[in-house]
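fold the following.
(2 chains)
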Amino acid sequence: MSTTIEASSTATSGAVAPPPTVHKVRRGWLLPTWGWIVIVWLASPVIVMIVFGFNNTSGKFNIQWQGFTLTWYRNLFVIPQLTDSLITSIEISVIVTIIATALGTLMGFALGRYRIRGAGSINLVMFANIAAPEVALGAALLSLFLTIGFPLGFWSIVIVQVMFSIAYVAVTVRARMAGLAPSVEEAARDLGAGPIVTFFRVTIPMITPGIMAGALLTFALSIDDYIITSFNAGSTVTFPLWVFGAARTGVPPQVNVMGTLIFAFGVVLAAIGFVTGRRKKRQLDGE
Amino acid sequence: MVRRKLMGRLAPYLLVLPGWLWLVIFFVIPVIAMLSLSTQTGDLIDGFTQTFHWQNYLDGWNEYHVEFIRSVIYGAIATILCIVIGYPVAYWIAFRGGHRKSSLLFLLLLPFFVSFVIRVVSWQFMLADNGIILEPLKAIHLLPADFHILATATAVVGGLTYNFVPFMILPIYVALERIHPEVMEAAGDLYATRRAAFRRVVLPLSMPGVFAGVLLTFVPAAADYVNASILGGTDQTMIGNVIETEYFTNTNYPMASALSFILMAALLIGVFIYAKVLGTREVLDMAVA
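Residues are numbered from 1 along each chain as shown, chains lettered A, B, ... in the order given. Just a heads-up that it's a prediction; the model follows:
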């Protein structure tokens, strides 16, 4: 309030305005403290999961610290159903990632590049697909499968997971297309490349980051999905389904170990991608 | 030549077709199948027949409106908590992150490398009556021996907030990140106080991010039943639990379908109105970015 009055008074007097307050961001401690608290809070279940994978627990409930052991790492695969569920999950996620990435990329590319009649309804359906609650998506497909008598199991899980992944891939790729000038492809065409050669040698490499992001997102969504999958799984058990089932009676420490290993694998993979991405960017900046 | 031209014109449609068919067959048609199933009558043994029994909807609402309302309330509280907790974090990383921005975002996303169900189970560990948080507090008599968090609304809403807060932080971060520093400088040049610059410049510019975050948080939180199953008790049943029970325990498919349809219609209509006001593509792109 005071600044406004000050400002108008200087303006009327016709004097040179005082140097305006430059909003350099304040170096307070409150914001970083809060940020780190939230980061620790978000990480806490992960830390607990990792630590309790080393817990020398004897009872059914792995909730109190009883000493350090590597038993669970040595006996990682002694629960056959748990091991099977993990293998099933990985198989399903690989298949889903391949199908959804292929279909979603083509869709996103076409939507980003061409004017398509009916693009409005496609966008609407994709939006509804992403925005719809998971329970309803799972229940809808279950209703169809029940109505037509489609057997629930491995393939119904694949179908339902591809269904909820396509739109994510398509939107990611489309967003990437929006940032590309068609002139590069036109140049390729001018230089004598056919449409198919242009697509594979020019367009695909340019949108690869978008495709990779879509594929990674699909894999992550697929291997992690509980709700939609549980509605369409029949007697097939994926890793999240097994853990959920075990939660009622007490989750064995092997789950902590598997979670830890998957976590480590994912983090290493992401870190490699992160570092190479940064190096590439630095190279580009250097040119 | 003519054929090539025709191919050229058809190509976009051929590219869209496989994905579009998958969405129509396994998303649009199932929704119709669900609507159809919801008005049938019968049971698992004798089979279900279409009788246009719309009464299922009324029965569903009468029987389970408590769970519906509870889901909306839990979802809303979790969403508000996500904004309150997440906005400052997004602001911190966007404006104070400096060269550590990517590393901080990475830390924030770390939990996503662990399965959703395991994270919820992990909270179940931590919040257990004699677990690592409550046991020490009870030992030094800070809490009464019969104090518990599991099977309370606090545990369920806390779990929902925990699981969805990154979906709030990310879009807000993206929106804040897009604000050019010059805009803030301009606000300063125009004699805005720090508070006014935030309220009248930064906050409005970050609203698309908040809207996208609300979309990404509220719908999954209200429809979630994993948190309620693992962290909640019988008094915290949400509509997702009811739908699951109706399908798999009671095999009352018409009732289950009707409840799912009400849930989906209510949330989607809400979302569409919400997105219409704000622009579908913008919210969607912000949500995915």
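
drop to CA atoms for contacts and neighbour counts, all remaining ones
OK.

so where's the stretch 51-200 of chain A uncertain?
A:59-61 (pLDDT under 70).

what mean pLDDT does the host helix or strand of B:Leu263 have?
Using DSSP states H and E, the element containing B:Leu263 is helix B:253-278. The average pLDDT for helix B:253-278 rounds to 88.

now do the buried residues in it.
B:253-264, B:267-268, B:271-272, B:274-275 (16 or more other C-alpha atoms under 10 Å in any protein chain shown).

show me where the stretch 51-200 of chain A has its helices.
Listed in chain order, the helices of the stretch 51-200 of chain A (DSSP state H, counting those that start in this stretch) span A:71-74, A:80-113, A:119-131, A:134-148, A:154-178, A:183-190, A:195-198.

what's the last one in contact with?
In this case it means helix A:195-198. Around helix A:195-198, the neighbours that count as contacts under C-alpha atoms under 8 Å, 6 or more residues apart in numbering or on different chains are A:185, A:188-189.

which residues of the stretch 51-200 of chain B fall in strands?
Counting by DSSP state E, counting those that start in this stretch, the stretch 51-200 of chain B yields no residue ranges for strands.

how about the residues of it by chain A?
Within reach of chain A by C-alpha under 8 Å from any C-alpha of the partner chain, the stretch 51-200 of chain B has these residues: B:85, B:88-89, B:92, B:95-96, B:107-108, B:110-111, B:113-119, B:121-123, B:125-126, B:128, B:130-132, B:162, B:184-185, B:188-194.

among those, which ones are in helices?
B:85, B:88-89, B:92, B:95-96, B:107-108, B:116-119, B:121-123, B:125-126, B:162, B:184-185, B:188-189, B:194 (DSSP state H).

spatially central residue in the chain, please.
I'll assume chain A. In chain A, the C-alpha nearest the mean C-alpha coordinate belongs to A:Leu217, at 3.5 Å (C-alpha atoms, centre = their mean).

chain B is the one I meant
Chain B, centroid-nearest residue using C-alpha atoms, centre = their mean: B:Pro220 at 2.5 Å.

what's the closest non-adjacent residue to the closest residue to chain B within chain A?
In chain A, the residue that lies nearest chain B is A:Met107 (4.4 Å; C-alpha to the nearest C-alpha). The shortest distance from A:Met107 to any non-neighbouring residue, by C-alpha to C-alpha, 6 or more residues apart in numbering or on different chains, is to B:Val16 (4.4 Å).

distance between the ends of stretch A:71-85?
Its first and final residues considered, stretch A:71-85 spans 21 Å by C-alpha to C-alpha, to the nearest Å.

so is that stretch next to chain B?
No - contact of stretch A:71-85 with chain B (C-alpha under 8 Å from any C-alpha) is absent, the minimum separation being 13.5 Å.

for that stretch, give me every contacting residue.
Contacts for stretch A:71-85 (C-alpha under 8 Å, 6+ apart): A:53-54, A:56, A:237-239, A:242, A:253-254, A:257-258.

same thing with stretch B:238-257?
Against stretch B:238-257 from outside (C-alpha under 8 Å, 6+ apart): A:135, A:139-140, A:143, A:231, B:34-35, B:37-41, B:43-44, B:56-57, B:60, B:64, B:67-68, B:70-71, B:223-225, B:228-229, B:259-260.

so which bits of that stretch are buried?
B:238-244, B:246-247, B:252-257.

nearest to A:Trp36 among those?
Distances from A:Trp36 to the buried residues of stretch B:238-257, taken as C-alpha to C-alpha, are shortest for B:Met238 (32.0 Å).

how close does the closest one get to chain A?
12 Å (C-alpha to the nearest C-alpha, to the nearest Å).
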